[in-house]
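[1] generate a structure from the sequence data that follows.
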Amino acid sequence: MISKNTICLWYDGTALDAATFYAETFPDSAVGAVFHAPGDYPAGKQGDVLTVEFTVMGIPCLGLNGGSAFKHNEAFSFQVATDDQAETDRLWNAIVKNGGQESACGWCKDKWGLSWQITPRVLTAAITDPDRAAAKRAFDAMMGMIKIDIAAIEAALKG
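    As a prediction, this is how the structure comes out:
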C-alpha cells in the first residue's frame with residue numbers, strides 16, 4: 001500500500017545502497033519494492049533501478065535514481081531522537097564511519113549527502129527547560145559540540 005504522503009529522496013544511481021544502509025542502521029526501517037526502469041531515461045538505461053520504496057524509522061520514503069542534477073543539502077534532514085549516549089554514539093558512528101561527515105551541534109551527513117540530526121532527548125528537554133538560564137547554559141554547551149555529549153549537556157543544565 002502506497003502511503004498518501006511519501007518523502008522522495010533523489011540519488012545518483014545509489015538509492016538501493018542508501019535504502020539498504022538505512023534499513024540496517026535504524027530501527028523500524030526496511031527496504032520494500034525495487035522498481036526497474038521500463039525504458040531508457042536521462043540518468044539510466046532500461047532495467048536499471050529507478051526507484052526504491054523504503055521506510056526510515058517508520059517514515060515512508062521513495063529513493064529515486066534521478067541522476068547527478070540535484071544534491072541533498074541541510075535544508076532537509078532526518079532528526080533522530082535518541083534515548084542515551086550509547087544510541088547516540090551508535091547512530092552517529094554508523095553514519096560517519098560509512099563515508100559520512102561530521103558537522104556541528106549533532107548534525108552529520110551520510111555518504112549520499114543526506115543530513116541527519118542525532119538529537120538526544122535530554123538535549124531537547126534541556127534547551128526547552130523552563131529555567132531559561134539553565135536552558136541557555138545547555139544551549140551554549142551544545143553550540144560547541146560536534147556529536148552531542150549527554151553528560152556535558154546535563155552538567156551545563158545543572159550549572
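[2] list the contacts of the residue nearest the centre of the chain.
    The C-alpha lying nearest the average C-alpha coordinate of the chain belongs to residue 116 (Cα atoms, centre = their mean; 3.2 Å). With contact taken as Cβ atoms under 8 Å, 6 or more residues apart in numbering, residue 116 is in contact with 77-80, 91, 95, 107-110. C-beta here means a position set from N, CA and C on the backbone, and glycine is covered the same way.
[3] same thing but 10 Å
    By Cβ atoms under 10 Å, 6 or more residues apart in numbering, the contact set of residue 116 is 26, 56, 77-80, 91-92, 94-96, 100, 103, 106-110.
[4] low-scoring stretches of the protein, by residue?
    Applying pLDDT under 70 to the chain picks out residues 1.
[5] quick one, helices of it?
    15-25, 85-96, 121-127, 132-143, 150-158 (DSSP state H).
[6] what helices or strands is the second one leaning on?
    Taking 3 or more Cβ pairs under 10 Å, 6 or more residues apart in numbering; DSSP states H and E as the contact definition, the neighbouring helices and strands of helix 85-96 are helix 15-25, strand 77-82, strand 101-102, strand 107-109, strand 115-120, helix 121-127, helix 150-158.
[7] can you check what angle separates that helix from helix 15-25?
    Angle of helix 85-96 versus helix 15-25, following axes from the mean of the first three to the mean of the last three Cα atoms, to 10 degrees, is 160 degrees.
[8] measure how far helix 85-96 is from the centre of its chain, please.
    Helix 85-96 sits 11 Å away from the centroid of its parent chain (Cα atoms, centre = their mean, to the nearest Å).
[9] now do the contacts for the closest residue in space to residue 106 that isn't next to it in sequence.
    Counting by Cβ to Cβ, 6 or more residues apart in numbering, residue 106 lies nearest to residue 148, which is 4.4 Å off, once chain neighbours are set aside. Counting by Cβ under 10 Å, 6+ apart, residue 148 makes contact with 82, 85, 88-89, 92, 105-107, 117-120, 122-123, 141-142.
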